[in-house]
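K.L.:
Below are the sequence and a predicted model for it; my questions follow.
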Amino acid sequence: MSSYPPVEPEPGSTARFVVHEHYATTHHFDVRLEGDGVLWSWAVPKGLPTDPKVNRLAVRVDDHDLDHIDFEDQTPVDAVPGQIAKSIWDHGTYHVVRSSPKRFVFDLKGERGARRYALINTGDNNWIMHLMARRVRDRFCSA
């Protein structure tokens with residue numbers, strides 16, 4: 001059983017998100033979605049999916065305080081010259097398209113563009129992050 005509270009965002013809601021590129025024990029990305037007064041968080045070891053045919057593991061990790069939305073750790077990474085320990089890879093808003101206790105679909109609209117993703121709980125703290133096949137084409141992502 002998961003040690004984290006359930007994540008079931010309200011369909012139709014819009015809130016902030018951040019994706020951190022993080023050099024910790026291993027290089028990975030942290031997806032953080034604002035909800036219930038915190039940032040719900042997943043570690044995505046191989047980064048966000050870029051191909052609808054290739055899903056990515058997303059491991060649910062501790063929620064973070066909302067002030068983490070713009071946090072960067074400026075500590076240099078010795079093994080990767082020019083990199084800092086935690087940087088903002090993307091940020092913006094997300095819009096919940098549909099939601100259930102085991103799956104939710106949402107649109108990310110950030111500096112790197114607009115995409116639709118699904119997060120699917122496969123048991124305990126393991127989730128799959130899936131890039132939906134079509135680009136987001138709704139008024140939320142039109143600009």
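P.N.:
Happy to help now that I have it. These figures come from a predicted structure and were not determined experimentally. Numbers count the residues shown, from 1 in each chain.
K.L.:
use CA for all of it now, contacts and neighbours both
P.N.:
Noted.
K.L.:
partner strands of the helix-or-strand element of the chain with minimal mean pLDDT, parallel or antiparallel?
P.N.:
Ranking every helix and strand in the chain by mean pLDDT, DSSP states H and E puts strand 73-76 at the bottom, with a mean of 80. In the sheet, strand 73-76 lines up against strand 84-100 (antiparallel) (DSSP bridges).
K.L.:
buried stuff in the following helix or strand past the partner strand?
P.N.:
Note on strand 84-100: by DSSP states H and E, the next helix or strand toward the C-terminus is strand 103-110. By neighbour count with 16 or more other C-alpha atoms under 10 Å, strand 103-110 contains the buried residues 103-110.
K.L.:
Are we agreed that Asp67 is in a helix?
P.N.:
Yes - with DSSP: H, G, I helix; E, B strand; the rest coil as the criterion, Asp67 is part of a helix.
K.L.:
How many neighbouring residues does it have?
P.N.:
The number of residues packed near Asp67 is 9, by other C-alpha atoms under 10 Å.
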